[in-house]
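**Q** The following block contains a protein sequence and its predicted model.
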Amino acid sequence: MEAKRDVPEGLYYTREHEWARLGSGVVAVGITEYAAKTLNDVVYLSLPPLGQDVEQLGTFGTVESIKAVSELYAPVSGKVTKVNSDLSNHPELVNQSPYQDGWIIEITPSNLDQEKGKLLDSRQYADFLASLDH
Amino acid sequence: MPLWYTSTVEEHLAVRNKAGIFDVSHMGRVTLDGPDATKLVELLIPTSASSQAPGKSFYTLLLNQKGGIIDDLIVMRTEEGYVLVINAANKTKDLSHIQTNSEGYDVNIHDITDSTTMIAVQGPEATQALQPLTSIELSQIKRYTHVSAMVGASRATITRTGYTGEDGFEIILLDTGLQDVSVAMAVWTDLSTRARPSGLGARDSLRVEAGLPLYGSDIDDATNPFEAELSWVVTKGKTGYIGSDSLASFSSTPLSRARRGIVLEDKIPRHGFNVTGDRNEVIGTVTSGSFSPILKKGIALAYVEPAHAKIGQLVDVMVRDSAARGAITKPPFYDEKLFGWKRLKQQK
């Protein structure tokens, strides 16, 4: 079954299915529509405290469906400066709106210019997803 | 059966509030008949079979000599003999156990799994969902009984049992199996207009919420029925079945662990997580963990030391690197006045 995947342009992606939206001085992070669909209903997220340091592709939390637990990987290194508090009561936002209301954390990056190159752009990530189908 | 059709949570809630259907054709189905069928069944299970009238369906266990659980199953006593519904993963093991012990008995053993189809219709609206497909008056079938009837274009056995905690039916379609699924497909398609197709994810979260054990996770061949809280299947005074001597000795020795439920305040427990006491000492293990869509909390089935097994006792579950507070409960986890098959009785 070849599903049409929602991979917005302008975002950066990890092979672990996180997205990163570069803003002014901050990077918003969430999981992709593919990840949300694969998990099925997200019912719980375990998220870092504000101020925690994260490393690129290091874990910063977990996202859980009824039956599965998945690690969350930071797309960039830096400090966690915001956590989406709506998710504690409404984890389903991750499924309903993975790229907008279902954002998970915001990171103030410490090494963005160097690390950006290790992330995928939307076309590379779409190709990566296509390769998973085979 | 897929993990889910659309959403595990929605499928779960459909079964609790309305009706859902599950393709459970993978479950093993074995018939036993012939002059010695009852004698053989009496040897195999701790529940008295001869005291069950034809038409009864009952939950019981296959035990080994040590009193450990080989499988848990539903037995239906029919006019001709017995139908055993067993776990798919245990079918080969169960059949060989049954064959080995049938030596010298005049009995026919048939594996009818592949030539039949099995569908579970579960939920408070299960009767309304199934009724248009059969002329038999479903409301006349009592819980834990079964009837023979036509369902769609197939002869069928309809048993009022299930694995969700809800009222409902499990239907064995006798004329439509792997060789010809078209009649079964027609039944499924028609049912799906009134009941939500539901997958393995919901099947598991529903059974955990109802406190029902899963073979291989919560019970296995090293589990004795007393610690598993399943000793109610043992008919008092029955002797001479496989495992009966071991069970007699278990009943006079204190248990080393007891099966309980745990409701967590936060976080979701998973199979294999440790349960710890006040001094961080390990007092038990989670055998099934899930998120309860009804409680909106993490729930666990666990074995804990008897000293910590009191209802209401606070314990910790080690969720990866941190402790999550929880309370010992006796499942089902939901309020039985509001959910589960017993609520129907209370409405009448």
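**A** Thanks, I have it. Numbering: from 1, shown residues only, chains lettered A, B, ... in the order given.
**Q** For A:Asp101, grab the count of nearby residues.
**A** The burial count assigned to A:Asp101 is 14, neighbours taken as other Cβ atoms under 10 Å in any protein chain shown. C-betas here are computed from N, CA, C, even on glycine.
**Q** Near chain B, which residues of chain A are found?
**A** A:40-41, A:43-44, A:46, A:62, A:64-67, A:69, A:92 (Cβ under 8 Å from any Cβ of the partner chain).
**Q** now those as a markdown table including neighbour count?
**A** Shown next, in a markdown table, are these (neighbours: other Cβ atoms under 10 Å in any protein chain shown):
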| residue | neighbour count |
| --- | --- |
| A:Asn40 | 21 |
| A:Asp41 | 25 |
| A:Val43 | 26 |
| A:Tyr44 | 20 |
| A:Ser46 | 18 |
| A:Thr62 | 17 |
| A:Glu64 | 21 |
| A:Ser65 | 26 |
| A:Ile66 | 27 |
| A:Lys67 | 23 |
| A:Val69 | 16 |
| A:Glu92 | 16 |
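**Q** In strands, which of the residues you listed appear?
**A** Cross-referencing the residues of chain A next to chain B against strands under DSSP state E gives A:43-44, A:46, A:62, A:64-65, A:69.
**Q** Chain B: which of those residues is nearest?
**A** A:Val43 (4.4 Å; Cβ to the nearest Cβ).
**Q** Let me see the confidence value for the closest one.
**A** On the pLDDT scale, A:Val43 is placed at 96.
**Q** How about it: what's its closest non-neighbour residue?
**A** Once flanking residues are discounted, A:Val43 sits nearest to B:Phe291: 4.4 Å by Cβ to Cβ, 6 or more residues apart in numbering or on different chains.
**Q** ok, back up a step: just the residues of chain A next to chain B now: which is nearest B:Thr113?
**A** A:Lys67 (25.5 Å; Cβ to Cβ).
**Q** Surely the closest one and B:His271 touch.
**A** No - if you go by Cβ atoms under 8 Å, A:Lys67 and B:His271 don't touch, sitting 10.1 Å apart.
**Q** Give the other helices and strands that the lengthiest helix in chain A contacts.
**A** Longest helix of chain A, by residue count under DSSP state H: helix A:122-132. If contacts are counted by 3 or more Cβ pairs under 8 Å, 6 or more residues apart in numbering or on different chains; DSSP states H and E, helix A:122-132 sits against strand A:12-13.
**Q** how far does the strand it packs on sit from the chain's center?
**A** Remark: strand A:12-13 is offset 9 Å from the chain centroid, using Cα atoms, centre = their mean, to the nearest Å.
**Q** Which strands and helices lie in contact with the helix or strand following it?
**A** Downstream of strand A:12-13, the first helix or strand assigned by DSSP states H and E is strand A:18-22. Secondary-structure packing of strand A:18-22 (3+ Cβ pairs under 8 Å, 6+ apart): strand A:12-13, strand A:27-31.
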